[in-house]
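> okay, predicted coordinates and the sequence, questions at the end:
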Protein chains: 2
Amino acid sequence: MPSLPTEIDAGRERLVALAMAMVEERGGQGLTMPELALRAGIPAAHIARYFATREDLLEAIAEAWFRPKVAAMEDVVASDLPPRRKMYEFFARRFRMACESLRADPVTFRLYMQLGEEHFEQVRSYIDLADHYLGTIIAEAMDEGHFAGLDIDTSISLVNQMLMPYCNFNILEMIIDKVSEEKLARIVDAVFDGLSGQDRGAAGVTGLRAA
Amino acid sequence: MPSLPTEIDAGRERLVALAMAMVEERGGQGLTMPELALRAGIPAAHIARYFATREDLLEAIAEAWFRPKVAAMEDVVASDLPPRRKMYEFFARRFRMACESLRADPVTFRLYMQLGEEHFEQVRSYIDLADHYLGTIIAEAMDEGHFAGLDIDTSISLVNQMLMPYCNFNILEMIIDKVSEEKLARIVDAVFDGLSGQDRGAAGVTGLRAA
């Protein structure tokens, strides 16, 4: 019977790994607590020692899936790179991981995307964390004079929109042949050299006559 | 019995309108040729005078759905606006139509998106046409010195990626609260003032140390 926190943690890790294997074999619907207990070789009642509910288990799966992406974000934010390089690496490292996962096993990748859509509250906290880190990079860029006239929240939103193909992995599969790290770099440079709060003529005039 | 081309055209238009009403009531699967004939009050065999196959009918439905969007693109491209304003209007007018459709009736909007995914070859020709028109705007911008070092095809791809939330209507529903014409204008200005083929530092160094 597990008693020390480390034993509980080790047990949770093992069950998460088994649960992820089940998801990859049968999809998210095939993941039930009794089946997981059977697979783990423990009495069904013991699962509750590790995960009180199926939602807790799904949260732990999401955490495991996002863990290397969160580590990549934290490494980038803690680095001594200039803001422009930070923003590139911030998106490029996660984009590379997602492309590798998708290319290695499209079916499993699709399953995790589907699991995320069905349990969006677990994904939400990851998105909020990514926005928080992106905000720190944007604040550093602002200190250098970038994004004049924009507040941090609007900048976060605009940067996420301009880089959507590189951070919204739900749509990665339909555009995988058109995205590249080279294009990502061109867009990050455009963000730094072109994005500000000033209207420079795009929306200046109503109607279809030149001013 | 229809004989003149205009009678055939009028008959086709009427059947397309009826078919779209059926799609809106029951989804794409509910649209069959015998049901359409019944609804139109004509013998089932007569449908073939207007549409040889269900695919022909779906193509006509896609054409009808895209028609106002194509007209908007053609108006913008033919206008005497400067390229920056053209690109804004090119995206803004279709974005506005899509937002209005989605807000007016999310279920129907979703049905058309689904119909498009199931019959992508019909959507493909619309996307190719949009890329063609975007290419003419980009060529005009290049004449003014924008997008230095990029070829037209790469520029089309990069602009579509930076404006994905405003032209990929499949994902509009999940981001409708975050997109706006104001943000679209800021991104188009960033495209014109920030996008070029030159590496300005985003991807310049490998690893997490500053150069």
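Structure's in. What do you need? Numbers count the residues shown, from 1 in each chain, chains lettered A, B, ... in the order given.
> so where's chain A shaky on pLDDT?
For chain A, the stretches with pLDDT under 70 are A:1-4, A:204-211.
> how many residues are close by the closest residue to A:L195 other than its chain neighbours?
Spatially, and ignoring its direct neighbours in sequence, A:L195 is nearest to B:A190 (4.3 Å; C-beta to C-beta, 6 or more residues apart in numbering or on different chains). (Glycine included, C-beta is placed from N, CA and C.) Neighbourhood size, B:A190 [other C-beta atoms under 10 Å in any protein chain shown]: 25.
> mind listing residues that contact the one helix or strand B:A190 maps to?
Per DSSP states H and E: B:A190 is located in helix B:181-194. For helix B:181-194, the surrounding residues in contact (C-beta atoms under 8 Å, 6 or more residues apart in numbering or on different chains) are A:150, A:154, A:157-158, A:161-162, A:189-203, B:83-84, B:87-88, B:91-92, B:95-96, B:141, B:146, B:159, B:162-163, B:166.
> okay, buried residues for stretch A:73-83 please.
Neighbour-count burial for stretch A:73-83, counted by 16 or more other C-beta atoms under 10 Å in any protein chain shown, picks out A:M73, A:V76, A:V77, A:S79, A:L81, A:P82, A:P83.
> and the next helix or strand past the host helix or strand of A:V23?
Using DSSP H and E, A:V23 sits in helix A:5-26. Moving toward the C-terminus from helix A:5-26, the next helix or strand (DSSP H and E) is helix A:33-40.
> can you name every helix or strand that that following helix contacts?
Secondary-structure packing of helix A:33-40 (3 or more C-beta pairs under 8 Å, 6 or more residues apart in numbering or on different chains; DSSP states H and E): helix A:5-26, helix A:47-50, helix A:54-78.
> residue in chain A nearest to chain B?
The nearest approach of chain A to chain B comes at A:G194, 2.1 Å away (C-beta to the nearest C-beta).
> which residues does A:L15 contact?
A:L15 is in contact with A:L36, A:A40, A:I47, A:Y50, A:F51, A:L57, A:A60, counting by C-beta under 8 Å, 6+ apart.
> which pair in the residues you listed spans the largest distance?
Distance extremes for the contacts of A:L15: the farthest pair is A:A40 and A:A60 at 13.8 Å, using C-beta to C-beta.
> how close does A:D128 sit to A:V70?
Counting by C-beta to C-beta, to the nearest Å, the separation of A:D128 from A:V70 is 12 Å.
> unless I'm mixing things up, A:A19 is touching A:L57, no?
Yes: here A:A19 reaches A:L57: they are 6.0 Å apart, a contact under C-beta atoms under 8 Å.
> between those two, who's got more neighbours?
A:A19 (24 against 21).
> what's near enough to touch that one?
Contacts were defined as C-beta under 8 Å, 6+ apart; by that measure A:A19 touches A:L31, A:L36, A:L57, A:A60, A:I61.
> swap the cut-off to 7 Å and go again
Taking C-beta atoms under 7 Å, 6 or more residues apart in numbering or on different chains, we find A:A19 in contact with A:L31, A:L36, A:L57, A:I61.
> most neighbours out of these, which is it?
Among those, the one with the most neighbours (other C-beta under 10 Å) is A:I61, at 24 neighbours.
> could you measure it against B:M174, distance?
In terms of C-beta to C-beta, A:I61 sits 22 Å off from B:M174.
> now do A:T6
40 Å.
> quick one: which of these two has more around it?
Set A:T6 next to B:M174 and count neighbours by other C-beta under 10 Å: B:M174 wins out with 14 against 9.
> centre of the chain to whichever helix or strand the more buried one is part of, how far?
Using DSSP H and E, B:M174 maps to helix B:172-175. Taking the mean of its C-alpha atoms, helix B:172-175 sits 15 Å from the chain's own mean (C-alpha atoms, centre = their mean, to the nearest Å).
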